[in-house]
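# predicted model follows, preceded by the sequence.
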Amino acid sequence: MKRRKLLIGASGVAASALAIGTGAFSAARVERNASITVTTDADGLVGLVPNPDVAGVKMNSSQLAIDLEDPGVNVNSVYQFGLFEGDLDNDYPENFPFKAEPDKPAEDLSDGRDGDLFKSAFAVVNQSSSEKRIQFTLDIDEVDVEDTTFAFEIHRENEQKGLIESGPGDKTVDDVLGPGEAFGVSFIIDAGENALGDELEGSIEIRGEAVQ
């Protein structure tokens, strides 16, 4: 999330302008309390909540991580992690991707984080009290890749908000979330018959900012 300075406002010493002119006191001291808590990704103001039923997506030292290294996906296989909302190209086997039910968005957390309505691989949740623009950036480094591709879908309210597929450079999708709203992220890994030993590494960056 974009780092910002913490500003703490405090009212100073007040007096009638007729009695005391500006700057007429020699010294003043005003003390106020501040309380700041550092918490896990799942509980932060911008929450990153893994689906406990999706393999490889988990909390690692209080941070969201996607870890498919141990034992890894099979060669000549397609794996889907979380349900999708939109349509993908015809590059995947029949019946892929598995879709969310029309009346139950994949990212819906209304039944709680372990509820049946949470079907994305993970969710990005605005847990602040005001509307925020949330920017999701995926930067994948194809360290040693012969025959592996991927597709990440960002979705909300039964709609695909963005699709990030294999290719050079980082890619960004953004959406505006009100307090308590979320978008879901699901992904597909397609390992071809020549993919044995392929490695994908990278990072996900989430930025949040106030809506002007």
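Yep, it's here. Residues are numbered from 1 along each chain as shown.

# who does the one helix or strand in the chain whose mean pLDDT sits lowest touch, helix- and strand-wise?
The helix or strand of the chain with the lowest confidence, counting by mean pLDDT, DSSP states H and E, is strand 132-144 at a mean of 85. If contacts are counted by 3 or more Cβ pairs under 8 Å, 6 or more residues apart in numbering; DSSP states H and E, strand 132-144 sits against strand 122-126, strand 148-156, strand 171-177, strand 182-191, strand 199-210. Where you see a C-beta, it was placed from the backbone N, CA and C, and this is true even at glycine.

# can you say which of these is nearest to D67?
Among the helices and strands packed on strand 132-144, strand 199-210 comes nearest to D67, with 10.9 Å by Cβ to Cβ.

# what helices or strands is the closest one leaning on?
By 3+ Cβ pairs under 8 Å, 6+ apart, strand 199-210 packs against strand 46-50, strand 132-144.

# if we go by neighbour counts, what in that strand is buried?
L200, I204, I206, R207, G208 (16 or more other Cβ atoms under 10 Å).

# dump the residue contacts of the closest residue to the fourth one other than its chain neighbours.
For R207, the nearest residue in space outside its immediate sequence neighbours is Q135; the separation is 4.2 Å by Cβ to Cβ, 6 or more residues apart in numbering. When contacts are counted by Cβ atoms under 8 Å, 6 or more residues apart in numbering, Q135 touches T172, V173, D174, E205, I206, R207, G208, E209.
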